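K.L.:
Turn this into a structure:
(chains A and B)
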Protein chains: 2
Amino acid sequence: MSKVKPTGPIPAGYESLDGELAISSVKTSALVAEHGSPLFVYSKSLLDLRMKSLRSAMPASLHIHYAMKANPYAPVLSHMIGLADGIDIASGGELALALKAGAKAEKISFAGPGKRDDELRAAIEAGVTINIESPSECDRALAIGAEAGLEPRLAIRVNPDFDLKGSGMKMGGGAKPFGMDVELVAPTVHEILKAGAHWRGLHIFAGSQALKAEAIIETQAQTISLAARLSEEIGHRPEHVNLGGGFGIPYFPGDEPVDVEHIGDALRKQLTNLPDILTKTQFALELGRYLVGEAGFYLTRIVDRKESQGEIFLVTDGGLHHQLAASGNFGTVIRRNYPAAIATRFDQPSDEVVSIVGCLCTPLDLLSDRSEMPMAQVGDVVVIFCAGAYGATASPANFLGQGPAKEILVS
Amino acid sequence: MSKVKPTGPIPAGYESLDGELAISSVKTSALVAEHGSPLFVYSKSLLDLRMKSLRSAMPASLHIHYAMKANPYAPVLSHMIGLADGIDIASGGELALALKAGAKAEKISFAGPGKRDDELRAAIEAGVTINIESPSECDRALAIGAEAGLEPRLAIRVNPDFDLKGSGMKMGGGAKPFGMDVELVAPTVHEILKAGAHWRGLHIFAGSQALKAEAIIETQAQTISLAARLSEEIGHRPEHVNLGGGFGIPYFPGDEPVDVEHIGDALRKQLTNLPDILTKTQFALELGRYLVGEAGFYLTRIVDRKESQGEIFLVTDGGLHHQLAASGNFGTVIRRNYPAAIATRFDQPSDEVVSIVGCLCTPLDLLSDRSEMPMAQVGDVVVIFCAGAYGATASPANFLGQGPAKEILVS
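P.N.:
Residues are numbered from 1 along each chain as shown, chains lettered A, B, ... in the order given. Sure, this is the predicted structure:
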C-alpha cells in the first residue's frame, strides 16, 4: 500500500552485545535503564578515533579547529578542547561556555554575522580572535577596543567569490550576509593596522556538509589562491588562514563518507607549494559536524505500537524536540530518513515496515518514515545515528512542554 | 538582479505613534529600550478582541478551548484560562504549567500519541480528561487508575476517515499515529465502561491551519456525523465532543483571514439539527494559533547593515532560534515571507529591497527574503507579525549559544 523508504547508512564500526547495539561496550537497554529515555549518548572513543584518523590523513602542519556550535555539551566540549588546535565560537554565549570548559582565549575565534556590542566587548576583553564580517563591525570592534584600552585581535571573514560545490549549505559564491566581499578586505585590514589593532589573518568559509572529496579539494585550492591574492593586495603576510570546513557525514541513503585521505594528499601538495606570501601562514580547518556527528546516538523508548489502516506506527517518548533535523524539518526540502534502528534488536533481521514517530501531537514529528525494521514492542529502544552534531541544541526542546533530553559522554 | 519577494499580509488594526508601530499604545522603540531585544510582545487587548469576536460569531452553546501548545508563556496562559472554556494540553509538562497558571483540572484535556506512564498517572491523579489514542494506551490508563484507586476520565481520540481540505497539517483521512481508527472506538469505549472508568466522549481532530470557511464547515459536518455514528455504535450519549480546530491565520502573501461568521452560521444550524444521540452533548472547538497568533509580535534590533554584491542585508540580533517557522525551516516546503516590517519606520514608504537575516552563522537564518522596506539603519527595530503562536517554544532557543528571547504580556 505504501512505499518502503530506506534509512540512511548506519556508520561502520558499531558493536553489538547479546543482539543489542552497544556503545563503548554498554548495551543501549542498560544505558536507558540507568539514565532514562530519551537520551543522547556521545562516545569519547569515537571522538578520539575520528580525530586520530583525520590527523593522520591531513598534513602534519595543518591545525584542526572544533566548531563548537555542532555540539556544545560541556563534557564533549572539554574533550574536544583537548583534541583540537582551536575552538570556533558563534556567539557570546558560546564564548562563555568555551572559557568555562577550559579553552584558552588565544585558541578561540569568533564568527557570526550579527555580533552585538556586548559580545564584541566580551571577546576583546577575553583576548579571542574576532572574525570581522563587515566594515561597520570592524569600526565597532576598534571603538570598543579603544574605549577599553585593549588591542583587539581581528581576522577578516571573506565572502569568497566561489562556493563549495555539492555542499548542503553554500556560504560563498553570491550575495551573502556572511563575511565581506573580496574588494572590501584590503581596505578593512588597512583600517585595522592603522588603528594599531592586531590583524590575525583571514577566514574563508565556502560551504558545509559536502561529501565529494574533489569538490572540497577544488575549494581548498581556490581558498588558498584567494588568500594569497588578498594578502598581496593587503601587502602583509597573514599569520593565520582558516580554510573553512565543509567535510560532511553520510546521513541519507546513497551518501558515501568523505575520502579524507584523498583531500589530505591534495592539501599536502598545496601546502608545500604555497605562494611566497603564505609560506609562514598557519592554516586551519574548521570542522564541527565531521568531528562529532557520528560519535553521537539518540536513544528513545517505544511507548506505543499501533496500527492505523494497515500501517504500523512505533510511538516513542522522544521526537523532533530533540531531533529536528532527523524529523526532516530543518533545512531540508525533501524529507529522507536518517540512519535509524531498533537498538534493542540490533542483530535481528527486518521483518516489517514501520514508521517511527515522536510523542508530539503533530504530523511533523516523524523520526523514520515507513522503513524496514525487526518487529519491535513497547519498551524497545530506537536509536537515531549521527546524533552527535546539531541535535540537542538545534531542536526546540521546550516544544509542547517536553523539555530537553539528558546527555551523557561515555568512555 | 534578484527578484523582489512580497511579505505576508500585516494583520489589520495596528496602531502607529510618531510613525512607529505601537503595541497597546507603546512604541516599539520604547518596548525594546525597556525590555531589551529580541523581545516577544503579546497583547492582552488583542487576545480579548479575538475571543470576543469569535464568541459573537459562534453558537452561544459552543465551548471554545485553548490549545496551550500554541503559546504556553505563563502570563498568556493565565489570561487564556480566564477567557476559554477549557485548556487542551499535550504533555505532562503542559499539565504542570496549566495547573500552576490556575486552570481547573476538570476543564483540562490531554491529547498526544506518546503519553508515558508517569504522564498518564499525573493526569489521572489531577482528574483531567485524557484523550485516549490507542487500545493499548487505554489499557495502561485503566491499569494506572485501578492501581491508584481512581476513576480515570477518558475520551477517545478518533482518527477520522476524512481530512480537513486545504489544511496546513492533515490529521485524518489516512493511516495516522494520532487517535484510533474508527472501528476501534466502540470496543475501546466498552472496555472503559466495563472497567468502571468515566467515558467523557470523543475528540476528533482532522487538521489545522485552514483558511477556507467552506472546508472547515464541511469538516465540522463530517465530524458531527461521525460522532453520531460512533455514539450509536457505542450505545451511549457522549457528554462531550471536541470538534477539533483548524482555523488558520494568514501568514503568506495572498492568504485571507478565515470567515468565522460564515462558519458560525453553519455550525449554529448544525447544532440546532443534531441527531438525537447528540442533543445533550457539549461541543467544543480546540483552537491555539487562531486565538493567540496575531496577538504576538517579535521585535529584533538591527545590529548591522551591509551590502554584498549589490544586495542589502539587515542583520538582526534575533533569528531562527526564536522564529523557526518564520525562517521557513519548520514544516514548510517552499519558503515564503511572514508579515514583517521596520517597526521604527512603520509609516514610511518602502524605498529599497532588503533581506532581513538573523544573527546565526547559517544561511538558514533568514527572516525576510528580498522584500521592499523603508531604508533602515543599525538600531532600527524589525517586527515579525503573527509571532504569538508557535514562536518561542517552537524554536531551538539554545542554538549557537543564543538562549531564549524575553517575553512580555502588555495590556
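
K.L.:
List the contacts of the residue with the largest distance to the centre of chain A.
P.N.:
Centroid-distance maximum for chain A: A:Gln309 at 39.6 Å, with C-alpha atoms, centre = their mean. Going by C-beta atoms under 8 Å, 6 or more residues apart in numbering or on different chains, A:Gln309 touches B:174-175, B:181. C-betas here are computed from N, CA, C, even on glycine.

K.L.:
One more pass at 6 Å, please.
P.N.:
Listed by C-beta atoms under 6 Å, 6 or more residues apart in numbering or on different chains, the contact partners of A:Gln309 are B:Ala175.

K.L.:
Can you get me a residue count around the nearest residue to A:Ile132 once chain neighbours are set aside?
P.N.:
Leaving aside its sequence neighbours, A:Ile132 sits nearest to A:Cys138 (C-beta to C-beta, 6 or more residues apart in numbering or on different chains; 4.7 Å). Neighbourhood size, A:Cys138 [other C-beta atoms under 10 Å in any protein chain shown]: 24.

K.L.:
packing partners for whichever strand or helix holds A:Cys138?
P.N.:
For A:Cys138, the host element (DSSP states H and E) is helix A:135-148. In this structure, helix A:135-148 packs against helix A:117-126, with contacts taken as 3 or more C-beta pairs under 6 Å, 6 or more residues apart in numbering or on different chains; DSSP states H and E.

K.L.:
Need the residues that contact stretch A:53-73.
P.N.:
A:77, A:80, A:84-88, A:90, A:94, A:97, A:260-261, A:264, A:267-268, A:271, A:283-286, A:288-289, A:291-292, A:388-389, A:407, B:400.

K.L.:
go on, stretch A:215-227?
P.N.:
The contact list for stretch A:215-227 (C-beta under 6 Å, 6+ apart) reads A:160, A:162, A:164-166, A:202, A:204, A:206, A:210, A:241, A:243, A:246, A:263, A:266-267, A:270.

K.L.:
So which of those belong to strands?
P.N.:
If you go by DSSP state E, the contacts of stretch A:215-227 have A:202, A:204, A:241 in strands.

K.L.:
and the first one, how many residues sit next to it?
P.N.:
It stands for A:Leu202. The tally of other residues near A:Leu202 (other C-beta under 10 Å) stands at 26.

K.L.:
likewise A:Leu278?
P.N.:
Other residues close to A:Leu278 by other C-beta under 10 Å number 20.

K.L.:
show me what contacts it?
P.N.:
Applying C-beta under 6 Å, 6+ apart, we find A:Leu278 in contact with A:Ala228.

K.L.:
repeat that with 7 Å
P.N.:
Each residue near A:Leu278 by C-beta atoms under 7 Å, 6 or more residues apart in numbering or on different chains is listed here: A:224, A:227-228, A:231.

K.L.:
next one: A:Val26
P.N.:
A:Val410.

K.L.:
Before we move on, what's the pLDDT of it?
P.N.:
Looking at A:Val26, its pLDDT reads 96.

K.L.:
Which phi and psi values does it adopt?
P.N.:
In terms of degrees, to the nearest 10, the main-chain angles of A:Val26 are phi -110, psi 130.

K.L.:
Kindly state the beta-bridge partners for it.
P.N.:
Under DSSP bridges, the beta-bridge partners of A:Val26 are A:Ile23.

K.L.:
A:Arg153 now?
P.N.:
Judged by DSSP bridges, the bridge partners of A:Arg153 are A:Thr129, A:His198.

K.L.:
how many neighbours does it have?
P.N.:
Look at A:Arg153: counted by other C-beta under 10 Å, it has 27 neighbours.

K.L.:
do the same with A:Ala22
P.N.:
18.

K.L.:
what's the answer for the one 5 residues further on, then?
P.N.:
The local packing of A:Lys27 (other C-beta under 10 Å) involves 21 other residues.

K.L.:
excluding its backbone neighbours, what's nearest whatever residue of the stretch 201-350 of chain A ends up closest to chain B?
P.N.:
Nearest to chain B, among the residues of the stretch 201-350 of chain A, is A:Glu311, at 3.7 Å (C-beta to the nearest C-beta). Nearest non-adjacent residue to A:Glu311, counting by C-beta to C-beta, 6+ apart: B:Ala175, 3.7 Å away.

K.L.:
any idea how far that neighbour lies from B:Ala206?
P.N.:
Per C-beta to C-beta, to the nearest Å, B:Ala175 is found 15 Å from B:Ala206.

K.L.:
who's more crowded, the two?
P.N.:
A count of neighbours by other C-beta under 10 Å puts B:Ala206 above the other of B:Ala175 and B:Ala206, at 30 against 18.

K.L.:
Which strand or helix spans A:Leu291?
P.N.:
According to DSSP H and E, A:Leu291 maps onto helix A:289-292.

K.L.:
and the helix or strand just after that helix, what other elements does it pack with?
P.N.:
Next helix or strand after helix A:289-292 toward the C-terminus (DSSP H and E): strand A:296-308. Judged by 3 or more C-beta pairs under 7 Å, 6 or more residues apart in numbering or on different chains; DSSP states H and E, the packing partners of strand A:296-308 are helix A:28-35, strand A:39-43, strand A:311-316, strand A:381-384.
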